[in-house]
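S.K.: Generate coordinates for the sequence data below:
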Amino acid sequence: MCVFKRFVFKCNHNSWGKEARPCQKQRDFRASGKGDQCIESIAHPLHTITLPQKCDYCVQVEAERTKQKQHQDEIILKIRDTLAGAKAQLKKWENNEPSKELTTTVSKADLKGVIIDNNDVEIEKDEAWDGVA
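M.R.: Numbering: from 1, shown residues only. Model (predicted):
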């Protein structure tokens, strides 16, 4: 078995480095070119190096997660701003109307991206669908 250098990263992933010491089988193969090449690799603790940084894969995954988190935070801020504006508008309407009944027309464009809970909304039958079973 040939001994190779091994690198252990902060994230506990590891990678193999260059060959530190070939075994007798590998030395014979290199000298004569005959026989089989050694295919077994081990890492001795004296040839293991602990690195203080994360591996490239973990750095890439962390960067992607950070981008996703920032995008989610932006969406949450937009939703909060929209809700705050809607609450302010609702208060204005409540103060101006003594019956406190709000009536407004809403177009499909206004509802784009809005999630409606069907359990809380009463829908009147459309006259065009009266005869359909």
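
S.K.: On the three-state scheme, the residue nearest the centre of the chain is what?
M.R.: By CA atoms, centre = their mean, the mean C-alpha position of the chain lies nearest to residue 65, the distance being 4.4 Å. Following DSSP: H, G, I helix; E, B strand; the rest coil, the label given to residue 65 is helix.

S.K.: so what's it up against?
M.R.: Going by CB atoms under 8 Å, 6 or more residues apart in numbering, residue 65 touches no other residue. Every residue, glycine included, has its C-beta placed from N, CA and C.

S.K.: With residue 86 instead?
M.R.: Going by CB under 8 Å, 6+ apart, the list of residues near residue 86 is empty.

S.K.: what is the mean pLDDT for the helix or strand hosting residue 72?
M.R.: In the assignment (DSSP states H and E), residue 72 maps to helix 56-96. What helix 56-96 shows for mean pLDDT is 91.

S.K.: Please compute how far that helix lies from its chain's middle.
M.R.: Put simply, helix 56-96 sits 17 Å off its chain's centre (CA atoms, centre = their mean, to the nearest Å).

S.K.: Stretch 1-11 too?
M.R.: Centre-to-centre, stretch 1-11 and its host chain are 29 Å apart (CA atoms, centre = their mean).

S.K.: Excluding its own residues, what touches it? List them.
M.R.: 14-23, 26, 38, 40-44, 47-55, 58.

S.K.: What separation do you get for the residue nearest to the centre of the chain and residue 22?
M.R.: Counting by CB to CB, to the nearest Å, the gap between residue 65 and residue 22 amounts to 41 Å.

S.K.: Over to residue 76?
M.R.: Taken as CB to CB, the span from residue 76 to residue 22 is 57 Å.
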